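The following comprises the amino acid sequence and a computationally predicted model.
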Amino acid sequence: TVTHGKVEYKQVAFFYQNTSKKVINNISFTVQSGERLALMGATGAGKTSLVQLIPRLYDASEGEILIDNVPIKNFRLNELRLTIGYVPQSPLLFSGTIKDNIAWGKQGATEKEIIQAAKDAQIHRTIMDLPNQYDTRVGQKGVNLSGGQKQRISIARALIRKPKILILDDSTSALDLETEAKLLEAIQHYHCTMFIITQKVSTARNANKIILLNEGEILAQGTHELLLSETKLYKKIVES
Ligand code: DGT
Ligand code: MG
């Protein structure tokens, strides 16, 4: 199983079936255990395609991805997915209670664990204001939640399993800066390796490393300061 959560991409390329265009190409980088990597780049640059390979929603077309120095193909798929918290760009809630939506995938989750995950995801107070609190139904015939509220429930769902690797695909885009900062601070206590896809420099600059993707390739990787001094496109993003 995944014990440390170090992630390494080696010359990875990927194309979707029935197409020949590589949506990511020549991707190599390492994220050490417990580090935070921010992934930036324009829409269509390949950010989602890149992170989807970690829980093996798709397999790399070329190259190799290793976790803790082991090729990910050598892990049992369900074990791999259990230790990876993947919060997709468009989170899906199913018809059911909020409690069930957060506990989803974690058998025997206790009330305490559900509430802690919701608190860390900065959604507990919103839930307490709902008519039936954690027993409020969502989805068809349920209450309507905003995009940002769904994102946070989806983050709570990932946190409750105490993932070794956490992938947030633009999952904090709808949050105000203060709430986002509190959320990222709370996640520090999970000591997981994090991939944060974001459009916001304010989010990226606190990461250990930033990767700037451009048309599927790594244009630059390094700290905020390094990219700011060496990468024109990054400078442009910061100043925009
Ligand atoms: P975003 O979310 O709009 O900021 O964009 P990214 O950076 O997440 O880009 P991504 O990985 O969704 O898309 C990269 C390229 O791959 C883009 O040309 C669209 C294409 N693509 C994405 N998903 C699929 C898919 O399911 N099938 C095919 N054939 N192409 C896809
Ligand atoms: Mg995307």
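Happy to help now that I have it. Numbers count the residues shown, from 1 in each chain. Ligands and ions are numbered 1, 2, ... in the order given.

contacting residues around the nearest residue to Gln32 once chain neighbours are set aside?
Of all residues not flanking Gln32 in the chain, Lys6 sits nearest, at 5.6 Å (C-beta to C-beta, 6 or more residues apart in numbering). The way it works is simple: take the backbone N, C-alpha and C, and place the C-beta from them, glycine included. With C-beta atoms under 8 Å, 6 or more residues apart in numbering as the criterion, the residues that contact Lys6 are Thr30, Val31, Gln32, Ser33, Leu66, Ile67, Asp68, Asn69, Thr193.

OK, contacts around Ile187?
Residues near Ile187 by C-beta under 8 Å, 6+ apart: Asp120, Leu159, Leu166, Met194.

From Asn101, how far off is Lys141?
In this view, Lys141 and Asn101 are 14 Å apart by C-beta to C-beta, to the nearest Å.

Just want to know which of the two has more residues nearby.
For the pair Lys141 and Asn101, the greater number of neighbours falls to Asn101 (25 against 7), based on other C-beta atoms under 10 Å.

ok, the more buried one - contacts?
Asn101 makes contacts with Leu93, Phe94, Val138, Ile153, Arg157, as judged by C-beta under 8 Å, 6+ apart.

State the pLDDT value of the residue nearest to Ala220 when sequence neighbours are not counted.
When the adjacent residues along the chain are set aside, Ala220 lies closest to Thr231, with 4.2 Å between them (C-beta to C-beta, 6+ apart). In the predicted model, Thr231 carries a pLDDT score of 95.

for the one 4 residues further on, same thing?
Confidence per residue is given as pLDDT, and for Lys235 that number is 94.

A strand includes it, no?
No: with DSSP: H, G, I helix; E, B strand; the rest coil as the criterion, Lys235 is assigned helix and is not in a strand.

returning to what we had before: distance of the residue nearest to Gln32 from Gln133?
Separation of Lys6 from Gln133 (C-beta to C-beta): 39 Å.

What of Gln89?
Gln89 sits 28 Å away from Gln133, taking C-beta to C-beta as the criterion.

so the closest residue to ligand 2 within the chain is in which element?
In the chain, the residue that lies nearest ligand 2 is Thr48 (3.1 Å; C-beta to the ion). Following DSSP states H and E, the helix or strand that holds Thr48 is helix 47-51.

re the thing from before, from the contacts of Asn101, which ones fall inside helices?
In helices, judged by DSSP state H, the following of these are found: Ile153, Arg157.

and the two most separated of the contacts of Asn101?
Farthest apart among the contacts of Asn101 by C-beta to C-beta are Val138 and Arg157. That separation is 12.1 Å.

Contacts only, for the closest residue to Phe195 other than its chain neighbours.
Of all residues beyond its chain neighbours, the one nearest Phe195 is Ile167 (4.5 Å), with distances taken as C-beta to C-beta, 6+ apart. Taking C-beta under 8 Å, 6+ apart as the contact definition, Ile167 lies against Val51, Ile54, Pro55, Ile84, Gly85, Tyr86, Val87, Met194, Phe195, Ile197.

quick one: which of the residues you listed is nearest to Ile127?
For these, the residue nearest Ile127 by C-beta to C-beta is Val87; the value is 17.5 Å.

How many residues are close by the nearest residue to that closest one once chain neighbours are set aside?
Of all residues beyond its chain neighbours, the one nearest Val87 is Ser171 (4.5 Å), with distances taken as C-beta to C-beta, 6+ apart. Close neighbours of Ser171, defined as other C-beta under 10 Å, add up to 27.

And Glu62, how far from Thr48?
Counting by C-beta to C-beta - Glu62 and Thr48 are separated by 18 Å.

what does this structure put close to ligand 2?
Counting by C-beta under 5 Å from the ion, the residues of the chain lying close to ligand 2 are Lys47, Thr48, Gln89.

Buried subset of those residues as a PyMOL selection?
PyMOL command restricting these to the buried ones, with burial defined by 16 or more other C-beta atoms under 10 Å:
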select buried, resi 47+48
